[in-house]
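In: could you look at this predicted model? Sequence included:
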Amino acid sequence: MRLPAAERRRPTLWDAAVVLAVAAAALLLFFQISPSEGNFLTATVVLDGEVIAEYDLSALTDPVSLRLDDIPYPLTIQAEPGRIRIVESSCPSQDCVHIGWVDRVGAQIICLPNRLVISLSGAAEPDFDAVSG
Amino acid sequence: MPHSARHLTRCAVLTALALALSVAEGLVPLALIFPLPGLKLGLANLVTVYALCRLSGREALLILVCRCVLGALVGGRLSALAFSLSGGLLALGVMAVLLRLPALSLFGVSIAGAAAHNTGQILAAMAVLGTRAPLVYLPPLLLCSLITGAVTATACILLVQRVPVPGPS
Amino acid sequence: MKRFFSLFLLLLLLLCSGCSAPTVGDTGTFNEFFAMDTIMRVTVHGDAGEPAASAAREEIERLEKLLSRTLPDSQVSQLNAHAGEEDAVALEGDLISLLTFARSLSADLDDALDITIAPVMDAWGFTTDHHQIPTQAQLDALLPLVDCQALEIDPQAGTARLPNVGMAVDLGAVAKGFAAGRAESVIRAAGADSALLDLGRNITAIGVKPTGEPWRVAVQDPQDSNLYLGVLALTDQTCSTSGGYERYFEEDGVVYHHIIDPSTGYPAHSGLLSVTVVSPDALLADALSTALFVAGPERALDYWRREGGFELILCGEDGVVTATEGLEDAFAFQGEDGGYTYEIARR
């Protein structure tokens, strides 16, 4: 079988059309996702060094709850579009509940008695290496 | 015919070549110059294009799958298999179709292939990670594929023109 | 043609055997663990990263076994258990030097910091997290026990003694800073010169980032966990922040936080929401952040004008964030988002 493309040495006008199509797809996609680019937000729930859950907060449409019973102090995590919190915990200090909603890349909720860390990461890297507070 | 020694040798050599090329381009860390995950020249695509032009779709597919599996084994990263296979298969499919269009040259075919390869990889990453996050990398990757596709197309034209059509076995 | 093929095969073998894929970028060795009732993260860059990070962790865990009040076998627990007894308790040199430092800083700061605050902390339930409000009578009975100047230290003999029954030492205000200083030495001794220690949000920056830029440390907005007062550029410095917003409980609508004023026995109420101390001395930064939170804005700035070796960021209840002049260039204020105004304090 003879393939005309294989015999050509120079690009044709139709090649330019392909280039345009790819570039157009790239631009279209870029503008499609760019409004939420800064909000690309993933919440990772780590229990004693092990990832037990991950939520794409930017893609979430309905609130979800995660009830953890098999830990020293059972607690409930609540995720909504764009934010997450520990809504209720049986840990004595309640520090994790006090933090409330977090919605920024780099933010964290830590429940020390449970050795549980929820951290937010996303496409927009935070402009710092650590947080003091 | 398909199982003749000649045919087998030809496929094996092309697989080895594809594997060598994909390992070789790993030595040129393009991502260091331009930090974009998944960015590479896609030299192994050369072999796919050559096989599509001078052999057949079936053989091109065979070579591609062998190359991806061997590449994952050699690199020791089986997890990469999903990415290279999905990218490679999508690129193969798109190029096989475009090659049948009368008006295109290998430039258009190769650029479309590179773009398809990147799209396939990102789709696989989204599936594996279960999040839409990798999608942000697709637009810049697509733009880069215009350049990497043109580079491989130039090499492809040389390859297809210079390396003689294998005679009937 | 045959030669051509064998060349290809040779090339393939060479490529596959000799080399592994180069690592892209230096993400450093990252070690996260729980110690001293908090979460700790050690990041060390460079070739010595891995041994340096594990050595730092071992050092921190060693110090925890020494300094913890909740571990019954720790040296601090030994000291506390023998309070009021005739004989002094033999202690390791590390602990002797830390006790001596804390006692002298306490004298410098008119008792805004007191490591013998333990009995009052216990009365509030902050040690066990079973919170309660002690009665004034209870506090009146306990406050005489809070007096770190009465702590007897004999550096020559390597012993210390709490003279009265019921006295107890709690190093919560200084232990993380002390550990950070020691971990820093261990990391440097291991040959690493670019590292970041996050010991329960007390941040120690060692050297600069692998890119050659200073480390960037955000300072938490005490009123909103999603906002920051600003970002500090740090090189070979520790940044320690104390505030009542980290640990507290509420009863009848009143917030009681965990930083107790040793003079009243009540949570400190000095007009500050948080204090951030930046110093090359990790121990000083940690100790001062607690002490100056208790002392309040005027005394904090007076102390800064009198002493050298540290800089401050004070976040006041009035919504004013004050940075001392040494941080003018290093601190990028971002508190507008939280409704704060910004001032520079000068000597």
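Out: Good, I have the coordinates.
In: A:L3: how many residues sit nearby?
Out: Look at A:L3: counted by other Cβ atoms under 10 Å in any protein chain shown, it has 18 neighbours. Glycine gets a C-beta too; all of them are placed from N, C-alpha and C.
In: tell me the contacts of it?
Out: Residues in contact with A:L3 (Cβ atoms under 8 Å, 6 or more residues apart in numbering or on different chains) are B:52-53, B:99-100.
In: again with B:V65
Out: By Cβ under 8 Å, 6+ apart, the contact list for B:V65 reads B:L85.
In: do the same with the one 5 residues further on
Out: Remark: with contacts taken as Cβ under 8 Å, 6+ apart, B:L70 is in contact with B:15, B:19.
In: ok, C:V320 next?
Out: C:340-343.
In: just those: which are in strands?
Out: C:341-343 (DSSP state E).
In: among the residues you listed, which ones lie close to chain B?
Out: The subset of these within reach of chain B, by Cβ under 8 Å from any Cβ of the partner chain, is empty.
In: could you pick out the buried ones from these?
Out: Buried subset of those (neighbour count, 16 or more other Cβ atoms under 10 Å in any protein chain shown): C:Y342.
In: wait, doesn't C:D224 sit right on C:Y340?
Out: No - with contact defined as Cβ atoms under 8 Å, C:D224 does not reach C:Y340; the gap is 10.6 Å.
In: which one's more surrounded, the two?
Out: Per other Cβ under 10 Å, whichever of C:D224 and C:Y340 has more neighbours is C:Y340, with 22 against 16.
In: and C:E152, what are its bridge partners?
Out: Going by DSSP bridges, C:E152 is paired in beta bridges with C:R161.
In: contact partners for it?
Out: Taking Cβ under 8 Å, 6+ apart, we find C:E152 in contact with C:88, C:160-163.
In: which of those residues sits closest to A:C111?
Out: Of all the contacts of C:E152, the one with the least separation from A:C111 (Cβ to Cβ) is C:L162, at 33.8 Å.
In: let me know the pLDDT of the closest one.
Out: pLDDT for C:L162: 96.
In: please name the residues that touch the spatially closest residue to it that is not a sequence neighbour.
Out: Of all residues not flanking C:L162 in the chain, C:A83 sits nearest, at 3.8 Å (Cβ to Cβ, 6 or more residues apart in numbering or on different chains). By Cβ under 8 Å, 6+ apart, the residues touching C:A83 are C:162-168.
In: which element is C:A83 on?
Out: Under DSSP states H and E, no helix or strand contains C:A83.
In: for it, give me phi and psi.
Out: The phi/psi pair for C:A83 (degrees, to the nearest 10) reads phi -60, psi 140.
In: for chain A, see how far away it is.
Out: When distance is defined by Cβ to the nearest Cβ, to the nearest Å, C:A83 is 26 Å away from chain A.
In: likewise for B:S4?
Out: 19 Å.
In: could you dump the contacts of C:V320 to a markdown table with pLDDT?
Out: Shown next, in a markdown table, are those (pLDDT from 0 to 100):
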| residue | pLDDT |
| --- | --- |
| C:Y340 | 96 |
| C:T341 | 96 |
| C:Y342 | 96 |
| C:E343 | 96 |
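In: residue nearest the centroid of the chain?
Out: No chain was given, so I picked chain A. For chain A, A:T42 is the residue whose C-alpha lies nearest the centre (Cα atoms, centre = their mean; 2.0 Å).
In: my question was about chain B
Out: Centre-nearest of chain B using Cα atoms, centre = their mean is B:N45, 3.0 Å out.
In: list the residues that contact that residue.
Out: B:N45 makes contacts with B:91, B:110, B:113-114, B:117, B:152, as judged by Cβ under 8 Å, 6+ apart.
In: next, count neighbours for the closest residue to chain B within the stretch 201-347 of chain C.
Out: Going by Cβ to the nearest Cβ, chain B is nearest to C:T211 of the stretch 201-347 of chain C, at 12.6 Å. Other residues lying near C:T211 total 10 when counted by other Cβ under 10 Å.
In: tell me where the model's unsure across the chain.
Out: In the absence of a named chain, this looks at chain A. Within chain A, the segments meeting pLDDT under 70 span A:1-2, A:33-39.
In: switch to chain B, that's the one I care about
Out: Applying pLDDT under 70 to chain B flags residues B:1-3, B:29-38, B:76-77, B:79, B:129-133, B:164-169.
In: residues from it in reach of chain A?
Out: B:52-54, B:98-109, B:111-112, B:115, B:130-133, B:135-136, B:138-140, B:142-143, B:145-146, B:157, B:160-161.
In: now, the residues you listed that are in strands?
Out: Among the residues of chain B next to chain A, no residue falls in strands (DSSP E).
In: show me those residues that map onto helices.
Out: Among the residues of chain B next to chain A, the members falling in helices (DSSP state H) are B:52-54, B:98-99, B:106-109, B:111-112, B:115, B:138-140, B:142-143, B:145-146, B:157, B:160-161.
In: how much space between the residue of the stretch 51-200 of chain C found nearest chain B and C:A218?
Out: Proximity of the stretch 51-200 of chain C to chain B (Cβ to the nearest Cβ) peaks at C:S194, 19.4 Å away. Per Cβ to Cβ, to the nearest Å, C:S194 is found 19 Å from C:A218.
In: same check on C:T128?
Out: Taken as Cβ to Cβ, the span from C:T128 to C:A218 is 32 Å.
In: with neighbour numbers in mind, choose between these two.
Out: Neighbours per residue (other Cβ under 10 Å) separate C:T128 from C:A218, with C:A218 holding more: 24 against 13.
In: okay, and that one sits in which element?
Out: strand C:215-221.
In: and that strand, anywhere near chain A?
Out: Yes - for strand C:215-221, a contact with chain A is found by Cβ under 8 Å from any Cβ, at C:215-220.
In: can you list the strands that that strand pairs with?
Out: strand A:130-132 (parallel), strand C:224-234 (antiparallel).
In: okay, those strands, which one's buried deepest?
Out: strand A:130-132 (a mean of 24; mean count of other Cβ atoms under 10 Å in any protein chain shown).
In: residues contacting that one, please?
Out: Taking Cβ under 8 Å, 6+ apart as the rule, strand A:130-132 contacts A:106, A:108, C:41, C:196, C:198, C:201-203, C:215, C:217-220, C:228, C:232, C:239-241, C:276.
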